[in-house]
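> make a model of this:
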Amino acid sequence: MDLNTLLASQFVLPSIPKVVALLLSELGRSEPDLKTITQLISTDPALTTRLLQTANAGFFKLSGKINSVSEALAILGLAHVRAMAAQAASAASLKAVPGINLQQFWAYSLNVAKLSRSLAGVVRQNPQAAFTCGLIHAVGELAMHIGMPDEVAALDREVDPLDLRRAKLEHRSFGFCYAEVGAGFASKWQFPQPIVDALAHQYAPFQDEVYEPLAGVIHLATWRVRAREGGLSANALAVTFPGAVGEVLGLDIDMVLQQDPIDWSAQMPGRSLI
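Numbers count the residues shown, from 1 in each chain. Okay, the predicted model is just below:
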C-alpha cells in the first residue's frame, strides 16, 4: 500500500477504555469540571486527535489555529465533547490493534508528551503544542497497523513498533514511516502547520535544509522514551543519543535525561488510566 492510499482509508483510532468511562462519568455530572475533562482527554491520543480535528474544522473559522486540548475546549461546547465521548464508547469493542500492545502504546505516548513539553520549555518552544505533538506523534503507527496489517506484520517480526530503528526500517520497507502518515492525517484534519511540520520531520528534524525546532523536540523525546522502553544501558544511551539534533537545539544528553518524568521511578505514567 502506498502513502496516499493509506491516507484515504477510513478507520477509528482506539481510545483508552477507562479514560472514556471516566470522561462520560464527568460529563454526566450536573456541573462537569472543565479541568478534569481537559486532563482526561489529554491522556488519550485518539480523543485528543478527534477534539483537535473538530476544533480546527472550517465551521469554527479557526482552522489551523488550535494547538491543544485546552484551546479546543475553549471554543467547543460540552455537547461536542459528549458526542465525541459517546462515539468513542460505541467503538470500545475495538480492543486490539494487530501488532500493537495498546497499554504500552498509550503509556509510551503520554511519556513522550510529558518529555516534549518539558524540553519545549527549555528551548523556548510552545509547551502546549509540544505536548500535543508528543501525544499524537505515533498515531501514524496505529494507522499503519490498522490500514495495512499484513504488510506491517512482516516488519513487526523483525523489529518492535517502538524500537529506535523503527522509522528507518519502515522507510526501507514501504518508502514512508509513521511520521509521514501522522503528518498526512494532521494536514488532512487541518491541524496547525507547525504541528504538521513537526510530525512530518520528527524522524529527521534538520536534514535537507529543514529547520523545525518542534520536530527536534519530538525527536529527542521519542529517543528518550524508546530507549527506556528498550531498557538501554548508560553506554547504549550515550551511543544512540542523536547528538546532531541536540546540538542544533543546544541540548546535550545530560540535559535531556534531566527532563525524565519524576513518576518514572514508580510506574509508567498513564498506567492507572488503562
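> only C-alpha atoms from now on, for both contacts and neighbour counts.
Noted.
> low pLDDT regions in the stretch 151-274 of the chain?
Counting by pLDDT under 70, the stretch 151-274 of the chain contains low-confidence residues at 262, 265-274.
> over to the stretch 1-150 of the chain?
In the stretch 1-150 of the chain, residues with pLDDT under 70: 58-62, 92-95.
> where along it do the strands fall?
Counting by DSSP state E, counting those that start in this stretch, the stretch 1-150 of the chain has no strands at all.
> just the helices in it please.
3-7, 17-27, 34-41, 45-55, 69-75, 78-90, 102-122, 127-136, 139-147, 149-156 (DSSP state H, counting those that start in this stretch).
> over to the stretch 151-274 of the chain?
166-174, 178-188, 193-201, 213-229, 234-240, 243-249, 253-257.
> so which of those helices gets nearest G147?
helix 178-188 (11.0 Å; Cα to Cα).
> buried stuff in that closest one?
Y178, A179, E180, V181, G182, A183, G184, F185, A186, S187 (16 or more other Cα atoms under 10 Å).
> what residues of stretch 39-51 count as buried?
L40, I41, S42, T43, D44, P45, A46, L47, T48, T49, R50, L51.
> chain center to it: distance?
What separates the centre of stretch 39-51 from the centre of its chain is 10 Å, taken as Cα atoms, centre = their mean, to the nearest Å.
> just send the helices of the stretch 151-274 of the chain back as TSV, with distance to D263 too.
Putting these into TSV (distance: least, Cα to Cα, whole Å) gives the following:
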stretch	distance to D263
helix 166-174	26
helix 178-188	28
helix 193-201	26
helix 213-229	13
helix 234-240	20
helix 243-249	24
helix 253-257	14
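> ok, back up a step: okay, the buried residues of stretch 39-51 in a markdown table with distance to D150 next?
Converted to a markdown table, the buried residues of stretch 39-51 look like this (distance: Cα to Cα, whole Å):
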| residue | distance to D150 |
| --- | --- |
| L40 | 33 |
| I41 | 31 |
| S42 | 31 |
| T43 | 29 |
| D44 | 26 |
| P45 | 24 |
| A46 | 23 |
| L47 | 26 |
| T48 | 28 |
| T49 | 25 |
| R50 | 26 |
| L51 | 30 |
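> centre-most residue in this structure?
Among the residues of the chain, the one closest to the centroid is I136, at 1.9 Å (Cα atoms, centre = their mean).
> in space, what's closest to that one - neighbours in sequence excluded?
Distances taken as Cα to Cα, 6 or more residues apart in numbering place P45 nearest to I136, at 5.2 Å, with adjacent residues excluded.
> ok, now which ones touch the one you found?
Residues near P45 by Cα atoms under 8 Å, 6 or more residues apart in numbering: S15, W106, S109, L135, I136, V139.
> buried residues in stretch 102-120, which are they?
102, 105-120.
> residues in contact with it?
By Cα under 8 Å, 6+ apart, stretch 102-120 touches 16, 43-45, 96, 126-138, 214, 217-218, 221-222, 225-226, 256, 259-261, 268-271, 274.
> filter those residues down to the buried ones, ChimeraX style.
Here is the ChimeraX selection string for the buried members of the contacts of stretch 102-120, based on 16+ other Cα under 10 Å:
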select :16,43,44,45,127,128,129,130,131,132,133,134,135,136,137,138,214,217,218,221,222,225,226,256,259,260,269,270
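> of all the buried residues of stretch 39-51, which comes closest to R29?
Among these, and counting by Cα to Cα, the member closest to R29 is L40, at 15.0 Å.
> from memory the closest one sits against L23, does it?
Yes - counting by Cα atoms under 8 Å, L40 touches L23, with 6.6 Å between them.
> who's in contact with A86?
Per Cα under 8 Å, 6+ apart, neighbours of A86: L24.
> from A107, how far out is A244?
Distance, A244 to A107, by Cα to Cα, to the nearest Å: 27 Å.
> same thing with L142?
14 Å.
> ok now stretch 5-19, how far from the chain's centre?
13 Å.
> stretch 50-66 now?
18 Å.
> got the end-to-end distance for it?
End to end - Cα to Cα - stretch 50-66 spans 12 Å.
> what's the answer for stretch 241-253, then?
7 Å.
> ok, and what's touching it?
V123, P205, F206, P213, G216, H219, L220, W223, A238.
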